[in-house]
Every structure is written in structure tokens, then in C-alpha cells.
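1. 3D model of this:
(chains A and B)
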Amino acid sequence: MNGIHDLGGMDGFGPVEMEANEPVFHQPWETRVFGLVAAIAAQRVARTGEFRHAIERMDPLHYLGSPYYEHWLTGAATLLVEKGRLTREELAARAGGSFPLSRRVDPGVTVVAEPSGAAPRFAVGSSVVVRNIHPLGHTRCPRYVRGKRGIVVRIDPASSLPDVGVHSDQPCKQHVYCVRFEGRELWGESAPHAEAVHVDLWESYLEAQ
Amino acid sequence: MSASDDHHHPAPLSPVEVRAKALEDLLVEKGVVAPGVIDAVVDAYEHDIGPLNGARVVARAWADPVYRQRLLADGTAAIAEFGFGGPEGEHIVVVENTPTVHNVVICTLCSCYPWPVLGLPPNWYKSAPYRARMVREPRRLLSEMGLDLPTSVEVRVWDSSAETRYMVLPERPAGTDAMSEEQLAALVTRDAMIGVARP
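-> Numbers count the residues shown, from 1 in each chain, chains lettered A, B, ... in the order given. Have a look, this model is predicted:
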């Protein structure tokens, strides 16, 4: 989905605020939420991709206006309700009012993809172009590289294509390629020279150039 | 909060604190998670798993050229020689800074980060400004963050969009030839291993 989480290349957010000697956690509730999500993950209540997608489905204003671990809290609560471990009513009653959850998103037509063959389709040095895809469900193909040309610099072991694996119990394993994009390909002729971005992309996201 | 809050009593919980407590209490009551598991995970990331791990790896690579080659060829395996591994570290690629190449790591879509060597990411790494801007104007943003790079140095950004997690191997500072591995490790900062600073 073209969600609020897909931030690469946006303008207007201002400076990066760094904190000297930052603690691992700032507030006790953040500590508990981190531990809670790690414990849920260890017990395989949900897959990592499902958790990411639950965060991506937060209301965009809530996402931008809340601290990081509130994303985790909202995503985890949403998944647990959707998987029948808790009810929305139980959460609201215990929280003494509203407990905002992420929206359900209907991915529409499920992404159709085939597992990779044993041999990678592209080689290191291959010219590729990222397909202009806009799946309504989960994807790990950032908007800022769609339609852009790059060069494969590394091939990683096949792993589950998130676009399928988050919406199905049947993983679709594909090779993953680290693709180098020149800054000017991504951001136009006014972008400085000698800047490049590498993005790790599943085989279905790519076509031969 | 009202103006009549009595400061001698504990502050009432904020809405997010109430929600976090609600979720934890419900999951513990239902037996979905055991409270001891949460405590153990938190303790590990507060005390054991942090950037000192990565600093030891970098120092070894500086001190031992053969280890450095292993680290660049297969980061996961070379890091495992220290006993470091686990969640968010199943496939680590180490990218090397040189006099002509500077590397910097990001996750534009969420907050992917090499936990076994760097611990949990700082807030700025997960923030909208960093995720939005580091792919679009890396040299300018690095400069804003205190790292000025000459235009002769190519900037390579690594967006952690799939299963690989990245760590930067910084350049060994000049004048450190006589230092032990332990002394070298003390020079290596978290920010240098993300790529927004130099040691």
C-alpha cells in the first residue's frame, strides 16, 4: 500500500533531532511495549511482516503524531484482535475508553507471483528497472524506486515475498537483489553527483532493462 | 490534566501508558505472554546487546586484516565468531568506508537495524526526517548532522528494505597504530557504525 510509512524522499519534515547519551528507552511504557512485542514474536503469534503491515495500516495522522513505540503498541493490539486473541471491547474497557487500532485494508486481488527458480533471474551487473506496481496490501518496494533504473550489485538468498507472505500462509520464495540507483536517476538532474542509494528488492519487483 | 492536580500524588497515567498497561495486563491474564519473558527480553537489550558489540567487531577488523576480509565477505559468519547473532541479525552485510567511499544505513519503510551488533536504534534513526531525507539528500543531511564530506567522496546509502541488515566498517583513524584492540574499540561509536559520524 502507498502508506504513510513509505517516507523515502518526502520533504518538509525539518532537521533530524539527535539526543546525546540517549537511553535505550525513554519511558517505562516503551520498555514494556518492546518486551511485549518481542515476547509475542518469540511465541510466533504473528509473522514480522504481519506486524509491519499492521503498523502501516495505522491512521496516517495517528502514525505521524505518535512516538515510535506507540506504533508497536497499536500494531500489536490490532493483530491480536484480528487473530482472535483479544477483542476490541476488552481493550477499550481496560483502557477506560478508546483504544485506537489500525484500519483493515482489503488488498483486493491478491498479488500473484511465482517462486524463483533455482538460478537467479538477474546477475550481478545486470541493468534492471523497478516495475511500476502499487499493490493495495503489504509490499517492501518503496515508492521512490518504482519505475527507476539501477544495477544489481549483490544477490541474497531467496526469501518470502512480503506481498504474498503477509496475506497468505503459503510463502512465495524469491531471490532478493541489492540494486544500486544513482541519485540523479531517483531525484533528477539537479541532484548532486556521487550519491547512490541501494535498495534490496525481491525478484517480482524487477524487470530486465 | 486539570490545574488542580496535586503534585504530591503520582501523576495520572497518560493515554498511551494506560493503553500499554491494558494490553500487557490482558495478555498476561490470558496467558498469551508470561511476564518473566518480557522482563528477560528487556534486560538483554538494556544491558547486554548494544553498540559495544559492534565496536569489538570493528576493532578486530582494524587490527586483523584477515578477519577484516572475512567480515566483508560474510558479515553474519564473521560476527558470529564473537557469539553475536539472533533477531535482526540473521543476515548482516558489512560495508566498508574508504578514502573515496562513505556508507550510511537507513530503513525508509520502518526501522530495520542490526540489533546483535548495535542494539536497538536511537529515536532519530526511526524518525520521519531521517527516513525521508537520507535517501534524497544524503550529503547535505550528513553535513547537517555534523559530518562534512568532500565532494570527492562518493556517498552510498543502504536502505534496509528486505532481510539484510547493514553495518558500516569505518576507516581506522590515523595515529592509532600502537593501540590494542580494546583501545581501538573504545574509539568506535554507534553513529560511526550507522555512518552518520566518523570515529
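
2. Nearest residue to residue 58 in space, ignoring adjacent ones along the chain?
-> Here I'm looking at chain A. Nearest residue to A:M58, sequence neighbours excluded (CB to CB, 6 or more residues apart in numbering or on different chains): A:S102, at 4.8 Å. (C-beta placed from N, C-alpha, C; glycine too.)

3. my bad, the chain I had in mind was chain B
-> Per CB to CB, 6+ apart, closest to B:V58 is B:V188, 4.6 Å.

4. Would you state the helices of the chain in chain order?
-> With no chain named, the answer covers chain A. A:28-42, A:48-56, A:60-65, A:68-82, A:88-95, A:162-165, A:183-187 (DSSP state H).

5. try chain B instead
-> Using DSSP H, helices in chain B cover B:15-29, B:35-47, B:51-63, B:65-73, B:75-80, B:115-118, B:128-133, B:138-144, B:181-185, B:190-194.

6. residues contacting the residue lying closest to A:A95 once chain neighbours are set aside?
-> Spatial nearest neighbour of A:A95, excluding adjacent residues (CB to CB, 6+ apart): B:A22 at 4.2 Å. Residues near B:A22 by CB atoms under 8 Å, 6 or more residues apart in numbering or on different chains: A:L91, A:R94, A:A95, A:F99.

7. re earlier: present the helices of chain B as CSV; the columns should include mean pLDDT.
-> Below are these laid out as CSV (pLDDT from 0 to 100):
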stretch, mean pLDDT
helix B:15-29, 95
helix B:35-47, 89
helix B:51-63, 98
helix B:65-73, 98
helix B:75-80, 98
helix B:115-118, 97
helix B:128-133, 98
helix B:138-144, 98
helix B:181-185, 98
helix B:190-194, 98
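
8. Single out the most deeply packed of the ones you listed.
-> helix B:115-118 (a mean of 25; mean count of other CB atoms under 10 Å in any protein chain shown).

9. could you check whether that helix is close to chain A?
-> No. For a cut-off given as CB under 8 Å from any CB of the partner chain, helix B:115-118 has no contacts with chain A; the smallest distance is 10.2 Å.

10. Let me know the pLDDT of the residue nearest to A:A158 when sequence neighbours are not counted.
-> Leaving aside its chain neighbours, A:A158 sits nearest to A:K173 (4.4 Å; criterion: CB to CB, 6+ apart). At A:K173, the pLDDT value in this model is 96.

11. Now do the contacts for A:K173.
-> Contact analysis of A:K173 by CB under 8 Å, 6+ apart lists A:P115, A:S116, A:A158, A:S159, A:S160, A:L161.

12. Kindly report the same for A:V24.
-> Here A:V24 is in contact with B:Y45, B:E46, B:G50, B:G119, B:L120 (CB under 8 Å, 6+ apart).

13. Tell me the spatial nearest neighbour of the first one, not counting adjacent residues.
-> This means B:Y45. Among residues not flanking B:Y45 along the chain, B:L120 sits closest, at 5.6 Å (CB to CB, 6+ apart).

14. for the fourth one, same thing?
-> Setting aside the residues directly before and after it, B:G119 is nearest to B:G50 in space (CB to CB, 6+ apart), at 3.6 Å.

15. For the spatially most central residue of chain A, give its distance to A:G49.
-> In chain A, the centroid-proximal residue (CA atoms, centre = their mean) is A:R140; its distance is 5.1 Å. Going from A:R140 to A:G49 by CB to CB, to the nearest Å gives 8 Å.

16. Now list whatever residues contact both of those two.
-> Counting by CB under 8 Å, 6+ apart, the common neighbours of A:R140 and A:G49 are A:P162.

17. what residues go with each domain of chain A?
-> Here the domain parsing of chain A from automatic domain parsing is A:1-105, A:127-208.

18. could those go into CSV alongside distance to B:A128?
-> Supplementary listing: these in CSV, determined by distance: least, CB to CB, whole Å:
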stretch, distance to B:A128
domain A:1-105, 5
domain A:127-208, 14
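
19. and B:G36, which of these is closest to it?
-> B:G36 lies closest to domain A:1-105 among the domains of chain A, at 9.4 Å (CB to CB).

20. now the end-to-end length of that closest one.
-> End-to-end distance of domain A:1-105 (CA to CA, to the nearest Å): 9 Å.

21. Now do that domain, average pLDDT.
-> pLDDT averaged over domain A:1-105 gives 95.

22. for A:I55, what are its contacts?
-> A:I55 touches A:H5, A:Y63, A:H71, A:W72, A:T74, A:G75, A:S102, B:C110, counting by CB under 8 Å, 6+ apart.
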